[in-house]
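Asks: sequence first, predicted model second:
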Amino acid sequence: MLRVEHLKKHFGNQVVLDDINISVDRGEVLCVIGQSGSGKTVLFRHIIGLMFPDGGRILLDGQVISSPTTKTTDFDRVRKRFGILFQGAALFDSMDVGENLAFPLREHTDLTEREIERLIGESLEMVGLKEQFKAKMPSELSGGMRSRVGLARAIVMKPEIMLYDEPTSALDPIMTDKINKLILSMREKLKMTSIVITHDIGSAYEIADKIAMIREGKIIFNGTPGEIRQSRNPYVQEFIRGERKSHYALDNEEDYASSVDITKLKQRSARPRQAVATQQGKADGSTGNIAEKKFQMPPRPTTRN
Amino acid sequence: MIAPLRILAYIGNAARGWVGKSRGFALGIRYYSRLALQTFARVPLAVKNFDITTSHMYTLGIESIPLVTAIAIFLGSATVTQAVYQMSGMIPLRYLGALVCKTTVTELAPVITSFVFAGRVATGIAAEVASMKGSEQLDAMSVLRLDSLRYLIVPKLIACIVMLPTLTIWAILMAFAGAAFTVAVSVDVTMYTYLSGMKLFFKAYDVYVGIAKTAVFGAIVAITGAYFGFGAKGGAEGVGNATTKAVVVSAVLILVFDFIIAVMVM
């Protein structure tokens, strides 16, 4: 249904997307995962027509909807086929929940006010909110409720493809689970195709039919949740297991990794513990085996004034 | 040999910086003009959502009345006090009314009211648009095929163009009231002489020009607020920068266009 082919984007000298190829079929849920700064959001903005590529193209049902020569007005023709849930829901602050939902309906349809009210009620019910929420202002809602209202606003126009930009990033685990179930229920009830941008691997396992992993603007994995578990790529394994190696937190990890001798680093980090264990062993006459001891902070180095 | 090279390098760097700034300034004027044209082109579409415009007329105009009233009263009082001080010993005080009337109607009330309005409204528009941009509300409007200029800026533009002249009329009346009170309380001129002086060189044309030019200032306030709001970058700091630039540039443009209008109509 939606196919991204050889997509490229750069800002100045920085290549943000480098030959991205992904596709999603009708009714599927595709999760695009990756670290912060990997290019997920830029890819998301290309798919929804807020940015256009420097190379490559995006096709919807075989028709090119985005390419380097596409203009915003060209994309407007297919925009109604997309529904989008932004990271913070992006509700219009000056309008209450009902007006937020009614705004696109009033502007793009000839529905009567009664029909609009009915559609708003249906959408709110679909995301598990009661009609009483219509009168609430966005500032009165919690993060989870805002996400649900954002979802209700996105589905009120009955889109074919739903895009979610990190829908669970700021939510607690219980609310995350509810939003995940909502995403699945949207697919079942409305037969929608979904693309979810996330760095939450747990959510991806729960909802995805396919997972694409992006790193430094390149797709390094594209397959099913079962396949990603079997992946032999060390970076993929570290990401899905949630291991946090210090060098992955840095921007130029390649340079850092090549400059650091990991064996020495491990030895150095093990040294203070051994010292503590040995000291304690000497003091209480035990073997000094660290596994037998309670953890104790190494002594602080004294500072010279 | 090194010193002249350093001087040359310094001049080169300065010239490059100056060229870059000039280019940025020219681009800014281009974007500003395009924004103004695109906004004015959408004005006829405001008919469909005129309730948004009327609500802005209330918040931007009616809610500015207390502030404008206070400033206009003191403006009138200060004008009389200054005029008496400047005229004493040189110009007969029977011309006091004429001087106060002319300065208030043609310059002081329109320009000061516009400054106050810019301080309140241009900052408000810039802050609103910038924070909407930061919270992806503008992106949400785009993907919902809702024209942000039409729904956000056009109603404010119309409200500014209608309400600033209205506020200026109110400001002129309040300034006259403040001036009359000051004359009655602290100036050695009878009210009859003062009011006769006001009528002495009064021309209705001055009033029309004074009020009409504030419609232009109203458009400047709305467009400048929108321009810096749309151009804001980077969270709370970006919102702060946008509001500061909006009010400063509005004030400068108000004075520039005040001069242009004065040359054109006087």
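Replies: Structure's in. What do you need? Numbering: from 1, shown residues only, chains lettered A, B, ... in the order given.

Asks: enumerate every residue touching B:Val265.
Replies: Contacts for B:Val265 (C-beta atoms under 8 Å, 6 or more residues apart in numbering or on different chains) come out as B:Val209. In this view, the C-beta of every residue, glycine as well, is placed from N, C-alpha and C.

Asks: quick one: it and B:Val209, what's the gap?
Replies: Noted for B:Val265: a distance of 5 Å to B:Val209, by C-beta to C-beta, to the nearest Å.

Asks: same check, this time on B:Val216
Replies: Counting by C-beta to C-beta - B:Val216 and B:Val209 are separated by 11 Å.

Asks: same check, this time on A:Asn13
Replies: Per C-beta to C-beta, A:Asn13 is found 54 Å from B:Val209.

Asks: who has more neighbours, the two?
Replies: B:Val209 (18 against 5; other C-beta atoms under 10 Å in any protein chain shown).

Asks: how many other residues sit next to residue 115?
Replies: Reading this off chain A. A:Glu115: 12 neighbours (other C-beta under 10 Å).

Asks: oops, chain B please
Replies: As a burial measure, B:Phe115 scores 18 neighbours (other C-beta under 10 Å).

Asks: common neighbours of B:Val216 and B:Val209, please.
Replies: Residues touching both B:Val216 and B:Val209 (C-beta under 8 Å, 6+ apart) are B:Ile261.

Asks: nearest spatial neighbour of A:Tyr205, chain-adjacent residues omitted?
Replies: A:Pro225 (5.1 Å; C-beta to C-beta, 6 or more residues apart in numbering or on different chains).

Asks: hmm, that neighbour is touching A:Ala204, no?
Replies: Yes: A:Pro225 is within contact range of A:Ala204, at 6.9 Å (criterion: C-beta atoms under 8 Å).

Asks: among those two, which residue is more densely surrounded?
Replies: A:Ala204 (24 against 17).

Asks: just checking, A:His6 is part of a strand?
Replies: Yes: under DSSP: H, G, I helix; E, B strand; the rest coil, A:His6 sits within a strand.

Asks: how about it, nearest residue that isn't a chain neighbour?
Replies: A:Gly56 (3.8 Å).

Asks: off-centre distance for the helix or strand encompassing that neighbour?
Replies: A:Gly56 belongs to strand A:55-60 when assigned by DSSP states H and E. In terms of C-alpha atoms, centre = their mean, to the nearest Å, the centre of strand A:55-60 is found 21 Å from the chain centre.

Asks: how about stretch A:50-59?
Replies: Its chain's C-alpha centre and that of stretch A:50-59 lie 20 Å apart, by C-alpha atoms, centre = their mean.

Asks: ok, residues contacting the strand holding A:Gly56?
Replies: So strand A:55-60 is in contact with A:1-9, A:19-20, A:46-47, A:64-68, A:78, A:81, A:161, going by C-beta under 8 Å, 6+ apart.

Asks: for the very next helix or strand once past it, list every residue counted as buried.
Replies: Next in sequence after strand A:55-60, counting helices and strands by DSSP H and E, comes strand A:63-66. Within strand A:63-66, the residues that qualify as buried are A:Ile65, A:Ser66, counting by 16 or more other C-beta atoms under 10 Å in any protein chain shown.

Asks: please apply the same query to stretch A:179-197.
Replies: Residues of stretch A:179-197 classed as buried: A:179-180, A:182-183, A:186-187, A:190, A:192-197 (neighbour count, 16+ other C-beta under 10 Å).

Asks: just put those in TSV and tack on secondary structure.
Replies: What follows is the buried residues of stretch A:179-197, written out as TSV (three-state DSSP):
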residue	secondary structure
A:Ile179	helix
A:Asn180	helix
A:Leu182	helix
A:Ile183	helix
A:Met186	helix
A:Arg187	helix
A:Leu190	helix
A:Met192	coil
A:Thr193	strand
A:Ser194	strand
A:Ile195	strand
A:Val196	strand
A:Ile197	strand
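
Asks: tell me which two of those sit farthest apart.
Replies: Using C-beta to C-beta, the buried residues of stretch A:179-197 span at most 19.6 Å, a distance reached by A:Leu190 and A:Ile197.

Asks: thanks a lot, catch you later.
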